[in-house]
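> Predicted structure and sequence below. I'll ask about it afterward.
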Amino acid sequence: MRITLFASCLLLSACNLLPTSSDNTSESKAKYLTVLHTNDHHGRFWHNEDGEYGMAARKTLIDELRLTAANKGHRVLLLSGGDINTGIPESDLQKAEPDFKGMSLIGYDAMAIGNHEFDNPLSILDKQIAWSNFPLLSANILNKDDHSHAYQPYTIINKGGLTIGIVGLTTVDTAKIANPTYIGELDFVEPSAITKQVVDEIRAKQNIDVMIAVTHMGHYHDGKYGINAPGDVTLARALTPGTLDIIIGGHSQEPICVTDTGAEDPHFAPGKSCQPDQQNGTWIMQAHEWGKYVGKAEFKIENGQKSLLSYELIPVNLKKADGNYVQSHIKPDKKLQDFLQPYQSIGEKQLAKTVGSIDKYLDGGRNTVRFKQSKLADLIIKAQMAAVNADFGLISGGGIRHSIKAGDVSYKDVLKVHPFKNRITKITFTGEQLYQYLNVVTQFPADSGAYLQYYGITFDIESGKLVNLKIKGEAFQADSTYTMSINSYNAAGGDGYPLLNKHSGFASSDLTDSEVLINYLQNHSPIKVDQL
């Protein structure tokens with residue numbers, strides 16, 4: 001079904017679109033579809049300390065939207081762009097059980113498998129699939145041994161006479177940013193060719209009214225994906241118009257709102273209007289992160305033609321700087337709140353213990369740890385060096401997931417920083433081996449998870465070459481031997497780091513990154529940030 005956005009099409013206006021020969025044009029009666037969507041949930045089953053978002057309030061809103069849609073004669077579809085795992089310790093400790101079961105109670109129809117669904121062994125993902133009464137989809141994750149689909153590639157749903165095909169896709173960057181230990185038997189293949197193959201298979205089975213991709217690949221305006229794997233814009237441009245009608249995405253964790261020219265809308269803010277992107281006849285939508293919004297798109301389908309009637313990102317109890325709600329308060333659904341409360345209580349009890357203190361804020365924000373050296377990284381690496389008695393240490397910036405406020409530090413605060421449970425390893429290098437390794441990792445660019453955080457070394461990069469290298473303040477000697485601390489994720493090639501777990505000088509400890517940081521805080525608090 002071909003979708004063409006006319007230049008004059010504005011938000012909240014009807015945009016009539018042309019059918020292709022594959023449409024069933026004998027059906028003249030108009031049908032209406034409301035597509036609701038979220039993405040990048042990252043463990044936020046409970047509201048935050050300010051009462052924002054949370055799954056119980058999300059359910060209240062979605063129930064209201066469903067009722068409104070039904071009263072207007074609309075069919076309703078609820079989709080997720082993936083990444084349910086990792087971000088909040090109460091969820092992480094329980095393997096996101098409250099999150100997947102909560103989504104089932106809310107009534108999701110399907111979700112994309114995100115890269116963070118591989119933060120645990122595959123047996124945990126199998127459990128999460130079992131906890132869900134909706135399909136977790138990915139067509140481009142294949143088994144290495146026979147190239148079969150490792151997970152359900154698509155689903156076909158009938159909503160009141162509308163037949164809807166839904167295909168799932170996962171970023172190919174998962175191969176380098178997920179834990180290599182867990183995904184060694186999987187291939188993450190380029191999405192466009194397999195999308196065409198799967199869509200053709202779906203259409204051969206049924207007469208499809210609407211074709212949707214739920215993806216976890218990221219939206220990069222005008223297809224400028226930089227060092228990331230290509231995302232939704234590149235996918236839409238690579239496909240024949242009409243292959244996909246809608247992409248419900250995730251991974252880049254942004255509200256996709258564009259101007260009439262398709263540029264990023266600089267004026268979008270919670271509560272304001274939002275026009276979704278459209279590329280090569282395909283609408284592309286994403287609802288930021290954490291359940292902060294529920295996206296709502298209304299479509300009219302008649303004689304094979306589709307019209308986007310309206311689109312909005314509805315805030316879920318988001319607050320303004322003055323503490324007032326952006327929109328009216330959404331009362332959490334009591335039944336779901338009661339269901340989730342025991343999970344929250346279990347998590348709070350385990351996480352409340354104080355493990356140390358710091359005298360100043362340690363910034364672990366994405367825009368810090370992936371762009372410049374961080375004092376929080378200094379603390380983390382010092383703790384890891386001490387744990388394995390290393391000369392210096394490294395960590396990729398993407399492995400730091402949260403900041404720590406000044407004052408008492410709790411077990412929960414540490415698990416926010418380190419949700420992945422990576423083990424700390426020690427590598428013994430000859431000088432020549434070390435130089436070759438550092439010449440690679442010191443040149444990973446900013447704005448990537450691979451960006452290098454380091455402690456105990458200094459260096460310069462001149463004309464693409466590592467120079468002026470010092471270890472523990474002493475000039476590097478090619479004929480010396482050095483030891484380095486690094487976590488098991490990076491040692492196993494995570495974030496594209498050179499493989500070290502087969503190196504002759506590799507030695508793994510039984511200590512996880514969170515345990516090491518907790519031990520360091522307990523033994524050295526109060527931490528003086530300026531002295532790191």
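Sure thing, it's come through.
> So which residues of the stretch 201-350 of the chain form helices?
Here the stretch 201-350 of the chain has its helices, by DSSP state H, counting those that start in this stretch, at 232-238, 334-351.
> Looking at those, which one is packed in the most?
helix 232-238 (a mean of 23; mean count of other Cβ atoms under 10 Å). (Each C-beta comes from the backbone N, C-alpha and C, glycine too.)
> hmm, back to that, let me have the helices of the stretch 201-350 of the chain in JSON lines, adding distance to Ile424 as columns.
Below are the helices of the stretch 201-350 of the chain laid out as JSON lines (distance: least, Cβ to Cβ, whole Å):
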{"stretch": "helix 232-238", "distance to Ile424": "37"}
{"stretch": "helix 334-351", "distance to Ile424": "22"}
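> Helix, strand or coil: sort out the residue nearest to Thr215 when sequence neighbours are not counted for me.
When the adjacent residues along the chain are set aside, Thr215 lies closest to Leu169, with 4.3 Å between them (Cβ to Cβ, 6 or more residues apart in numbering). With DSSP: H, G, I helix; E, B strand; the rest coil as the basis, Leu169 sits in strand.
> Just give me the neighbour total for Leu169.
Neighbourhood size, Leu169 [other Cβ atoms under 10 Å]: 30.
> Show the contacting residues for Lys272.
Contacts for Lys272 were tallied using Cβ atoms under 8 Å, 6 or more residues apart in numbering; there are none.
> how far away is the residue nearest to Thr215 from Asp460?
Using Cβ to Cβ, to the nearest Å, one gets 41 Å for the distance from Leu169 to Asp460.
> Same check on Leu415?
Counting by Cβ to Cβ, the gap from Leu415 to Asp460 is 36 Å.
> Pick out whichever of the two has more residues nearby.
Leu415 (24 against 10).
> Give me the residues contacting stretch 49-58.
Against stretch 49-58 from outside (Cβ under 8 Å, 6+ apart): 38, 44-48, 99, 102-103, 106, 290-292, 294, 316-319, 330-334, 336-337, 340.
> Buried ones among those residues?
For those, a burial check counting by 16 or more other Cβ atoms under 10 Å picks out 38, 44-47, 99, 102-103, 106, 290-292, 294, 316-319, 330, 332-333, 336-337, 340.
> residue boundaries of the strands in the stretch 51-200 of the chain?
74-80, 110-112, 136-137, 141-143, 154-159, 162-170, 186-188 (DSSP state E, counting those that start in this stretch).
> tell me the most buried of those strands?
Buried most deeply of the strands of the stretch 51-200 of the chain, by mean count of other Cβ under 10 Å, is strand 110-112, with a mean of 29.
> Give me the residue ranges of the chain where confidence is low.
1-28 (pLDDT under 70).
> Which residue of it lies farthest from its centroid?
For the chain, the largest distance from the centre (Cα atoms, centre = their mean) belongs to Asp479, which lies 43.4 Å off.
> That one is in contact with Gly431, isn't it?
Yes - the criterion here is Cβ atoms under 8 Å, and Asp479 meets it with Gly431 at 5.8 Å.
> and His116, what is it in contact with?
Here His116 is in contact with 42, 82-86, 178 (Cβ under 8 Å, 6+ apart).
> circling back to that earlier point, so which of the strands of the stretch 51-200 of the chain comes closest to Phe444?
Of all the strands of the stretch 51-200 of the chain, strand 186-188 sits nearest to Phe444, with 20.2 Å by Cβ to Cβ.
> What helices and strands are in contact with the closest one?
On a contact count with 3 or more Cβ pairs under 8 Å, 6 or more residues apart in numbering; DSSP states H and E, strand 186-188 meets strand 141-143, helix 174-177.
> Dump those to CSV, plus distance to Asn158.
Putting the helices and strands packed on strand 186-188 into CSV (distance: least, Cβ to Cβ, whole Å) gives the following:
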stretch, distance to Asn158
strand 141-143, 26
helix 174-177, 31
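> how far away is the residue nearest the centre of the chain from Val172?
Centroid-nearest residue in the chain, with Cα atoms, centre = their mean: His251, separated by 4.0 Å. The spacing between His251 and Val172, counted by Cβ to Cβ, is 11 Å.
> quick one: contacts for the residue nearest to the centre of the chain?
39-40, 81-83, 114-115, 171, 215-218, 231.
> again, only this time at 10 Å
Neighbouring residues of His251 by Cβ atoms under 10 Å, 6 or more residues apart in numbering: 39-40, 81-83, 112, 114-116, 170-171, 173-174, 215-219, 228-229, 231-232, 286, 289.
> circling back: in a markdown table: the strands of the stretch 51-200 of the chain, plus distance to Ala387.
Shown next, in a markdown table, are the strands of the stretch 51-200 of the chain (distance: least, Cβ to Cβ, whole Å):
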| stretch | distance to Ala387 |
| --- | --- |
| strand 74-80 | 38 |
| strand 110-112 | 37 |
| strand 136-137 | 36 |
| strand 141-143 | 35 |
| strand 154-159 | 46 |
| strand 162-170 | 34 |
| strand 186-188 | 31 |
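> Which among these is found nearest to Ser345?
Of the strands of the stretch 51-200 of the chain, the one closest to Ser345 (Cβ to Cβ) turns out to be strand 74-80, at 25.6 Å.
> Could the C-alpha coordinates of the closest one be exported in CSV?
Extracted C-alpha coordinates of strand 74-80, given in CSV (Å, rounded to 0.1, in the frame of the first residue of the first chain):
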residue,chain,number,x,y,z
HIS,A,74,-11.7,2.8,15.5
ARG,A,75,-9.8,-0.5,15.9
VAL,A,76,-6.9,-0.1,18.3
LEU,A,77,-3.4,-1.5,18.2
LEU,A,78,-0.8,-1.2,21.0
LEU,A,79,2.9,-1.7,20.1
SER,A,80,6.3,-1.3,21.7
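> got the angle for that strand vs strand 162-170?
10 degrees (axes from the mean of the first three to the mean of the last three Cα atoms, to 10 degrees).
> Within its sheet, name the partner strands of strand 74-80 and how each one runs.
strand 31-38 (parallel), strand 110-112 (parallel) (DSSP bridges).
> Make CSV out of those and add distance to Gly493.
Output for the strands paired with strand 74-80, formatted as CSV (distance: least, Cβ to Cβ, whole Å):
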stretch, distance to Gly493
strand 31-38, 32
strand 110-112, 24
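> Can you say which of those is nearest to Leu65?
That would be strand 31-38 among those, by Cβ to Cβ, at 6.1 Å.
> Work out the gap between the closest one and the centre of the chain.
Chain-centre distance of strand 31-38: 22 Å, with Cα atoms, centre = their mean, to the nearest Å.
> go on, stretch 474-488?
On Cα atoms, centre = their mean, the centre of stretch 474-488 falls 34 Å from that of its chain.
> buried stuff in that stretch?
476, 482-488.
> Relative to Pro255, which of these is nearest.
Once Cβ to Cβ is applied, the member of those that ends up nearest Pro255 is Asn487, at 32.3 Å.
> rewinding a little: and of the strands of the stretch 51-200 of the chain, who's closest to Pro276?
By Cβ to Cβ (comparing all of the strands of the stretch 51-200 of the chain), the closest turns out to be strand 74-80, at 13.8 Å.
> How far off centre is the closest one?
For strand 74-80, the distance to the chain centre is 21 Å (Cα atoms, centre = their mean).
> rewinding a little: among the contacts of His116, who's most crowded?
For the contacts of His116, neighbours tallied by other Cβ under 10 Å; top is Gly82, 32 neighbours.
> for that residue, what are its contacts?
Per Cβ under 10 Å, 6+ apart, neighbours of Gly82: 38-41, 111-117, 136-138, 168-171, 214-217, 248-251.
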